[in-house]
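Asker: sequence and predicted structure below; questions after.
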Amino acid sequence: MYYETCGAGRPLILLHGNGETHRIFDKAIPLLSARYTVYAIDSRGHGLSDAAACYHYDDMKEDVRCFIAALGLVKPALYGFSDGGIIGLLLACDDPSLLSALIVSGANTSPQGIRDGWRRFFVRLNGRLHDAKMDMMLREPHITGEMLQRIKAPTLVLAGGHDMVKRADTAFIAANIPGSSMRIMRMHGHGSYIVHKKKIAELILDFLADQ
């Protein structure tokens, strides 16, 4: 796994979405690294990380768990966007004591959590691309309320007011994580406050300041 690190302080892991790299956080990292040691990862098959024979969110979750263990990170906070948010949710479900805080944006609990029009678009697009990572997005994840209820880390659930994830699925995530908060960025889409934007850093810093 390729990653870049910057700053000093408590560890903070950043996870990008499907088909992206850690570089989507280029505007956020300077702000975040003023207070935290930031670890910006390229997920398997993305950016400069090695490809894999197949792609599953559970495997990506294990990649991040092994990353935390290999670097000896103690109670890192984690921010995940889209697929990165799914990975963060799975990690926090599977090991409730691992993270000190979790922030997710535009995460969905199943393929049906993606708005119907967007899902049909991705099906048509992948009919031409035959992309293994898009295949994963169209068949996974399968996160239940019972799984979410295991999460113990303080959690902030974010989504855009015009997100490609259904509002009901975002609300389902927040409702099932004990003590979590939800914020809808009403004038934004799936990633318009995240990709190459400082806004997501401000949201992360505000949330972590209280943890």
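Answerer: Cool, got the structure.

Asker: CA atoms only: put stretch 131-149 into PDB for me.
Answerer: Backbone C-alpha positions of stretch 131-149 (Å, rounded to 0.1, in the frame of the first residue of the first chain) are rendered in PDB as follows:
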ATOM      1  CA  ASP A 131     -13.900  -2.500 -14.200                       C
ATOM      2  CA  ALA A 132     -13.400  -4.900 -11.200                       C
ATOM      3  CA  LYS A 133     -13.600  -2.000  -8.700                       C
ATOM      4  CA  MET A 134     -16.900  -0.800 -10.100                       C
ATOM      5  CA  ASP A 135     -18.100  -4.400 -10.000                       C
ATOM      6  CA  MET A 136     -17.400  -4.400  -6.300                       C
ATOM      7  CA  MET A 137     -19.400  -1.200  -5.900                       C
ATOM      8  CA  LEU A 138     -22.400  -2.700  -7.700                       C
ATOM      9  CA  ARG A 139     -22.500  -5.900  -5.600                       C
ATOM     10  CA  GLU A 140     -21.200  -4.800  -2.200                       C
ATOM     11  CA  PRO A 141     -21.300  -3.800   0.700                       C
ATOM     12  CA  HIS A 142     -23.900  -5.600   2.900                       C
ATOM     13  CA  ILE A 143     -23.800  -3.600   6.200                       C
ATOM     14  CA  THR A 144     -26.700  -4.300   8.600                       C
ATOM     15  CA  GLY A 145     -28.100  -2.300  11.500                       C
ATOM     16  CA  GLU A 146     -26.800  -4.900  13.900                       C
ATOM     17  CA  MET A 147     -23.300  -4.400  12.500                       C
ATOM     18  CA  LEU A 148     -23.500  -0.700  12.900                       C
ATOM     19  CA  GLN A 149     -24.700  -1.000  16.500                       C
END
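
Asker: in it, which residues are buried?
Answerer: Buried positions in stretch 131-149, judged by neighbour count with 16 or more other Cβ atoms under 10 Å: 131, 133, 134, 136, 137, 140, 141, 143, 147, 148. All C-beta atoms are positioned from the backbone trio N, CA, C, and that covers glycine.

Asker: residues in contact with the fourth one?
Answerer: The contact partners of residue 136, by Cβ atoms under 8 Å, 6 or more residues apart in numbering, come to 18, 55, 56, 57.

Asker: report pLDDT for it.
Answerer: On the pLDDT scale, residue 136 is placed at 98.
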